[in-house]
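# What follows is a predicted structure for the sequence shown.
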Amino acid sequence: MRLHRIRVAELRQFRDPFELSDIEAGLSIFSGANEAGKSTLVRAIRAAFFERHRSTSVEDLRPYGNSAASPLVELDFELAGETYRLTKSFLQKKRCELIVGTRRLEGIEAEDCMAELLGFQFALKGASRAEHWGIPGLLWIEQGAAHVVHDVVKHAADHLRRALDESLGEVAASGGDEVVMQVRSLREELLTGTGKPRAAYLKAIEVASTLEQKVATLQQSVASYRSQVDTLETLREAHAVDDKEQPWVALRARQEDARQALKAVAALTSDRDREREKLRQVAGLRELLAQRLSTHEEQQQSLALREAALIEANSAHERAISAERPLGLNSSDATERLRVARATLALARQEHSRATSIQQLGDAESRVTELTSLLQRAVSESERGMALKREAAQLRVEPADLEALRQQSGRLNELRIRQSTVATRLSFDLLPDAPVDFDGVRVDGQGERLLITPTTLSIHGVGQLHIAPGGSDLDELAQEHAELQDQHTALLQRLGLAAMDDVAARALAHARGLAEASAAEKAVKVLAPKGLDVLRSELDGAQARQADATAALAQLPAPPTESALPFSDAERTHDNCRVAAEAASVELQAAQSALATATSQRDAARQEHDALKASLGDPRLQAELAAKRLELIEAVNREAAIKSTLADIEAGINKARPDILEQDVERLKRSADAAERDQHARDRQIAQLEAALVAVGAQGLEEELAQRQSEVAQAQRRLAELRRRTEALDFLLQKLELRRQALTRRLQAPLQKHLDRYLQLLFPSGSLQVEEDLVPGALTRPGLRGPEASGFDTLSFGAREQMGVISRLAYADLLKEAGRPTLIILDDVLVYSDPSRLSQMKRVLFDAAQRHQVLLFTCHPESWRDMGVPLRALQSVC
Amino acid sequence: MTKILHTADWQIGRSYGSFDPDDAVALAEARFAAVERLATLATGEGVDAVVVAGDVFDAQTVSARSIRRLFNALQSYTGPWVMISGNHDAALAESVWSHAARLGALPANVHLALAPKVIELPEQRIALLCAPLTQRHTYGDLTEWFDSAETPIGWLRVGIAHGAVQGLLPEDIDSANPIAPDRAQRARLDYLALGDWHGTKRIDDRTWYSGTPEPDRFRSNDSGNALLVQIDQPGGTPTARPMRTALHRWQQLTHGIDVASDLDALLDLLSKVEANDVLDLTVTGQIDLVDNARLEAALGVAEGRVRCLRIDLSALQLAPTAADIASLHADGYLGEVITELRDARDQDARRAQDALAILTGMLSERNARGTTT
């Protein structure tokens, strides 16, 4: 493809029409300052192809502020030998026209034709996006998008493949991808991603397995049913056999035989028992007789013994008598001695008690005396003390009273003093014949009178003088004094005191009285520490003792003439005698009782002896004995006879073995019972089994089993079918995918070739791996330690840019070989490449431009002067 | 002259699992219908008795419904039916017969021998010596006692037994129960009616297998008949005439396709199938796509016409020609894959065949839709 001319109008900054014409084949470099419109031109080319003329998403083409604008793009280009002119205007005036040689296409038809030719598609709705740009999207690198390869290739992949498919005709397959997809989806109907059964296949497996289980269960049931039928058969046979034979009958018959035999033996046994009884009786009789005779013998013997015993008893008796006599004497002696000792003792006791009593009396008397005097003194002291107390109490003066007296006295004194000071003092010295009366009271001699009240002095022969002491107070004083004096006097009287001075004396007396009273009390205490009453009672006690002693003494008889033994001696003697007497008495008693025993024994022996003798002499006895002897002989004989009979019977019984017979009876009985029981049990079992079988039989098991088996067969057939289908699909898919992959690899090969050729210009020994989706992958370069691989994404931005450009050039070469149009537009690329890399990239570009038309836009014209083509400057058109 | 209808091996209750469920039901139903046809035949021919020589039922635990249906099917012949138990329906302690008795399904005109005995039909003057099977497995000749059995003088003496005549038949017969080949002679029987072998077979003049009245397997052994036995008088030689009672025709065919004309022959055969056919067809050989389509079409048509059609095409190799591949527009690697599948051998052969069928099917469908690319 070769672009000849671009013309834009009313498009962004190109408000006026702008034209780029005579564009060279091969490389063209357009330089311009920023905002000169480089990218706008690229945008215009893109819009001319990618955007539908009716698109409403091309507002960005509008010149700023011009709402009535109708952006226009016109392109002249050559493609596959034909001349094309594409004219498109947007927005205000929507128009699209394509002139191909002589043909003219309009609108959508025109647009679709371009899409088909160049290998892209239109957006159904909204603005055109990267996924629609197809091959041009790959070859027309936008500013700053060189490093993005992966997605761009993906969007172009189908178009690439289609384009490349056609060129590699015989290897590709028409609709191959579609077939592969169909096979895959058919496979996915039956298998999951990991190859496990799903949906219908899984269901078929489950159904088959469920049915198989059901069949297994039914088969089990049928088998068990059959075995039950067989069991029933066996039971019935056994039952029939037993019904016929009735083994218990025979057993019972045998049992009866045994029982009869046993009965016979029993009879023998009873015979034996009878004989035994008889034997016992006879033996008993014999024994009795023998015993009787031997008894007689014994009695004879015992008579002799008796005689001997009698003699012995007699002599014993004699001995006892002789033993007893001296002991009797001994005892009476001892008794006598004891009596004497007792009397002596009594006397001694009497004298002893007399002495004691005398002493006691003496003690008691002295005690009484002592106590009496003590008591007297104590009582007197106590009385004195009490009297003193009473006196002292009487003498007591209440402290209050005392205080009152003192106060009164003091006040009286005061008053008197005041009176005296206020009073008129009249001192006189009278002649002996000149009496004077003071208020009728005669005075004479010398003296002094204090006049506190008006006083009348009568002087004989003179007349009367009334003296009224002066001072108003004097009356008051006098009054007060008089009152107080009365009170004082009354109080004194009450207290029994004559005057004030007596108070002290009284107090003193009181104190003294108290002191003496307390002294007296102390004395009492000394005399009677526990109190008078105790003393009194002690005295009473002592007096009583005295009385007792006196009485005791009085009771004693007169003292003996001879002196008594000391009490202790007498006591000792008495005790000894007592002991001796007791001992003697005991001995005597023993001897007496021995005597008594001997006597009675002798009597008894005599009696026995006499009796026995008498009885043995009886003539009747002799006769009886003789008879008994005869009887004994008879009995012995009979006994022997019975014994032999008995032996015979025993032999007979033993032969019959009754113990075994009993066992037989028991055994046979049990067997018969068991046999009958078994038969009944079998009856029941049969009934049960029959009922069970009826129930099961009603289920129609085998018919159901047959049906289920059909179902299983059916299910297994279906499963087998599905399995085959799955395997076939798997196999088919495998084969298809193998081939497709081979094809892809074949497509990859030329791409690899082209890429490597460009890459060698950058990295002499490097290689770029092409992935399955035709995307560049790892870059392998020689490193320090041999070839190093780096993933595409790990390269630097600049390197990625370079790889991006190289890849696109390789695609372009591939497309060119396939006869497809390749127009390469590079908008400001390789800006991140360092100078050395950049110069290498230039070689790459130059090489590519030999085969393709490359439009390079740049704002760094200085970098691109060595490309062998003139730079075309875009003047600023703003 | 006495006429007896001799039949056996009704196998009521059998399931035909190797067929589609629908077909299986129809085949099972056909067995009841066969019994009804026997009854009608018996009445039509005016026979004196119908003798059923064992295996009336296919199993012991047949459903009550099947039991009742079976005995109901005997309705249209009111004369005596004499039956013995075979090996499938042996008279065990508990059996389908005791079940039937409990259900009260046995009509009065059914004479059942569940133990060796003589059944006497005074009206018809026939004495039937019955040797029923009473155990699950029998190894002795149950007809031995026939030799010394007494029957009324002047009556017909007919034996009924179920088992394998010794020495004359192939080993693969159902029961082990042996029957002496000269039993009819030794026991002075006028006729010995046998069951167990499903095909109609003459042993000697007086000894026959009637076979099953309705075929139940593909073996070509002349089944589907009952025997109309005529005996003029006691001691006379009986004539046994096979009467066709079968509804369905069971056929098992194998057809090889190696050259084109083979296919034509097969297609011709398929076009001639009838409604009552039960057909088991195995096709072997090689076939290309075009012919395969023809074959499939013919099979589809035939399937719709017959009672049952079982097809086994596993041995038929799909071998697309170059023309086939071209016509499918299977270019590029699709075509290569087709060729590879066609040429696959050994353990991959079957999978490859199936895959090929799927792929060619998809491609022809695609072409039919008219899409390309």
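On my side now, so go ahead.
# For stretch A:258-277, which residues meet the burial criterion?
By 16 or more other CB atoms under 10 Å in any protein chain shown, the buried positions in stretch A:258-277 come out as A:Ala258, A:Arg259, A:Ala261, A:Leu262, A:Val265, A:Leu268, A:Thr269, A:Asp271, A:Arg272, A:Glu275. (C-beta placed from N, C-alpha, C; glycine too.)
# Where do the helices of the stretch 601-750 of chain A begin and end?
A:619-656, A:658-697, A:701-762 (DSSP state H, counting those that start in this stretch).
# Could I get the ones you listed in JSON lines, plus columns for mean pLDDT, distance to B:Gly54 and mean neighbour count?
As requested, these are arranged in JSON lines below (pLDDT from 0 to 100; distance: least, CB to CB, whole Å; neighbours: other CB atoms under 10 Å in any protein chain shown):
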{"stretch": "helix A:619-656", "mean pLDDT": "87", "distance to B:Gly54": "64", "mean neighbour count": "13"}
{"stretch": "helix A:658-697", "mean pLDDT": "89", "distance to B:Gly54": "20", "mean neighbour count": "15"}
{"stretch": "helix A:701-762", "mean pLDDT": "85", "distance to B:Gly54": "17", "mean neighbour count": "19"}
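# Redo the ones you listed as CSV? Include distance to B:Val283.
Compiled in CSV, those are given as follows (distance: least, CB to CB, whole Å):
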stretch, distance to B:Val283
helix A:619-656, 96
helix A:658-697, 45
helix A:701-762, 17
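# Distance check, the residue nearest to A:His460 when sequence neighbours are not counted against chain B.
Distances taken as CB to CB, 6 or more residues apart in numbering or on different chains put A:Pro435 closest to A:His460, at 5.8 Å, once the chain neighbours are dropped. For A:Pro435, the distance to chain B equals 189 Å [CB to the nearest CB, to the nearest Å].
# quick check, distance from the lowest-mean-pLDDT helix or strand in chain B to the centre of its chain.
Of all the helices and strands that make up chain B, helix B:322-327 has the lowest average by mean pLDDT, DSSP states H and E, namely a mean of 80. Per CA atoms, centre = their mean, to the nearest Å, the displacement of helix B:322-327 from the mean C-alpha position of its chain is 45 Å.
# The closest residue in space to A:Gly791 that isn't next to it in sequence: what's it in contact with?
In space, and not counting its chain neighbours, A:Gly791 is closest to A:Ala778: 5.5 Å by CB to CB, 6+ apart. Contacts for A:Ala778 (CB atoms under 8 Å, 6 or more residues apart in numbering or on different chains) come out as A:Leu768, A:Gln769, A:Ala789, A:Ser790, A:Gly791, A:Phe792.
# between those residues, which has the most around it?
The most crowded member of the contacts of A:Ala778 is A:Leu768, carrying 23 neighbours; neighbours defined as other CB atoms under 10 Å in any protein chain shown.
# Which phi and psi values does it adopt?
Backbone torsions of A:Leu768, given as degrees, to the nearest 10, read phi -110, psi 120.
# Can you name the residues bridging to it?
Beta-bridge pairing of A:Leu768 under DSSP bridges involves A:Leu779.
# A helix includes A:Arg865, no?
Yes. Judged by DSSP: H, G, I helix; E, B strand; the rest coil, A:Arg865 forms part of a helix.
# What does the pLDDT read for it?
For A:Arg865, the model assigns a pLDDT of 89.
# so what's the residue nearest to A:His460 up against?
Residues near A:Pro435 by CB under 8 Å, 6+ apart: A:Arg442, A:Val443, A:Asp444, A:Ile459, A:His460.
# Filter those down to the ones in strands?
Mapping the contacts of A:Pro435 onto strands (DSSP state E) picks out A:Arg442, A:Val443, A:Ile459.
# just the angle between the longest helix anywhere in chain A and helix A:658-697, please?
Identified as the longest helix of chain A according to DSSP state H is helix A:247-395. Angle, helix A:247-395 to helix A:658-697, by axes from the mean of the first three to the mean of the last three CA atoms, to 10 degrees: 90 degrees.
# and helix A:247-395, what's its mean pLDDT?
In this model, helix A:247-395 has a mean pLDDT of 87.
# helices or strands next to that helix in the packing?
helix A:500-527, helix A:532-555, helix A:567-616, helix A:619-656, helix A:658-697 (3 or more CB pairs under 8 Å, 6 or more residues apart in numbering or on different chains; DSSP states H and E).
# do you know which of those lies nearest A:Ile45?
Of all the helices and strands packed on helix A:247-395, helix A:658-697 sits nearest to A:Ile45, with 90.5 Å by CB to CB.
# Can the closest one be said to contact chain B?
Yes. Helix A:658-697 reaches chain B (CB under 8 Å from any CB of the partner chain) through A:Leu689, A:Glu690, A:Leu693, A:Val694, A:Val696, A:Gly697.
# By neighbour count, which of the ones in strands among the contacts of A:Pro435 wins?
A:Val443 (15 neighbours).
# quick one on the thing from earlier: nearest to chain B among the contacts of A:Pro435?
Taking CB to the nearest CB as the measure, chain B sits nearest to A:Val443 out of the contacts of A:Pro435, at 182.6 Å.
# hang on, that closest one packs against A:Phe428?
Yes. Under the criterion of CB atoms under 8 Å, A:Val443 makes contact with A:Phe428 at 7.1 Å.
# Find the residues that touch each one of those two.
A:Val436, A:Arg449.
# Quick check on B:Ile126: phi, psi?
phi -120, psi 130.
# sorry, back to before: between the helices and strands packed on helix A:247-395, which gets nearest to A:Ala127?
Nearest to A:Ala127, of these and by CB to CB, is helix A:658-697 at 79.4 Å.
# name the helices or strands packed onto that closest one?
Applying 3+ CB pairs under 8 Å, 6+ apart, one finds that helix A:658-697 contacts helix A:199-245, helix A:247-395, helix B:96-103.
# Check whether the shortest one comes close enough to chain A to count as a contact.
I take that to be helix B:96-103. Yes. Counting by CB under 8 Å from any CB, chain A is contacted by helix B:96-103 at B:Val96, B:Ser98, B:His99, B:Arg102.
# Serialize those residues to JSON lines and add fields for pLDDT and neighbour count.
Converted to JSON lines, those look like this (pLDDT from 0 to 100; neighbours: other CB atoms under 10 Å in any protein chain shown):
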{"residue": "B:Val96", "pLDDT": "92", "neighbour count": "29"}
{"residue": "B:Ser98", "pLDDT": "91", "neighbour count": "19"}
{"residue": "B:His99", "pLDDT": "91", "neighbour count": "22"}
{"residue": "B:Arg102", "pLDDT": "91", "neighbour count": "13"}
